[in-house]
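the following comprises the amino acid sequence and a computationally predicted model.
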Amino acid sequence: MEDDFLIADDFARRLASAGAEVIGPAATLRAGLALYETSGTIDVVILDINLRGTPVFPLAHRLTEDKVPFLFCTGYGEEPISAIFANVPRFEKPTSQHGFAQMIDLIKQMQLTSDHRPYRAAATSQHSPM
């Protein structure tokens, strides 16, 4: 989930070039939940904390319940993340090339702990493409 379409599109292109099948982006929490529920197996999800003023934590709780790995990529500091998600990997926006490379490495590690097929990544965006 990402609150800016250009960032989400950049992430999608980078993830695809790293071998991911990208699902999304979705523009809202509601769309993200629907995407998650209808997309079959998803190996990892990238979440922004806030989508159009709505916290993304309901989806984070769902992912936790379903044991789907996820990470936060956000411009917020650590304060908005509740203690329940304190151990979830978090990357700061804007994400540098080095930071994104670290994110890809982490995603690949998450995928390796589940199985060895090409990974599927889901993300959402606050803004719709024109």
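Received, thanks.

C-alpha only now, for contacts and for neighbours.
OK.

just the pLDDT at Thr113, thanks.
pLDDT for Thr113: 68.

ugh, typo on my part, it should be Thr38
93.

just give me the neighbour total for it.
Here the number of neighbours of Thr38 (other Cα atoms under 10 Å) works out to 9.

in contact with it, which residues?
Listed by Cα atoms under 8 Å, 6 or more residues apart in numbering, Thr38 has no contact partners.

what's the answer for Leu29, then?
Leu29 touches 51, 54-56, 59, counting by Cα under 8 Å, 6+ apart.

put the buried members of these into a PyMOL selection.
To isolate the buried ones among these in PyMOL, judged by 16 or more other Cα atoms under 10 Å, type:
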select buried, resi 51+55+56+59
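
looking at the contacts of Leu29, which has the smallest pLDDT value?
Confidence-wise, Leu51 trails the rest of the contacts of Leu29, at 86.

phi, psi for the residue most central in space within the chain please.
Central residue check for the chain by Cα atoms, centre = their mean: the C-alpha nearest the mean position is that of Ile46, 0.8 Å away. Phi and psi for Ile46, reported as degrees, to the nearest 10, are phi -100, psi 120.

that one reaches Phe70, doesn't it?
Yes: using Cα atoms under 8 Å, Ile46 is in contact with Phe70, at 5.7 Å.

I'd like to know how many residues surround Ala34.
Ala34 has 12 neighbours, counted by other Cα under 10 Å.

contacting residues around Ser17?
Going by Cα under 8 Å, 6+ apart, Ser17 touches no other residue.

what's the spacing between Pro94 and Pro25?
Distance, Pro94 to Pro25, by Cα to Cα, to the nearest Å: 18 Å.

quick one: which of those two has more around it?
Neighbours per residue (other Cα under 10 Å) separate Pro94 from Pro25, with Pro25 holding more: 26 against 12.

in the chain, which ranges drop under the pLDDT threshold?
1-3, 78-80, 113-130 (pLDDT under 70).
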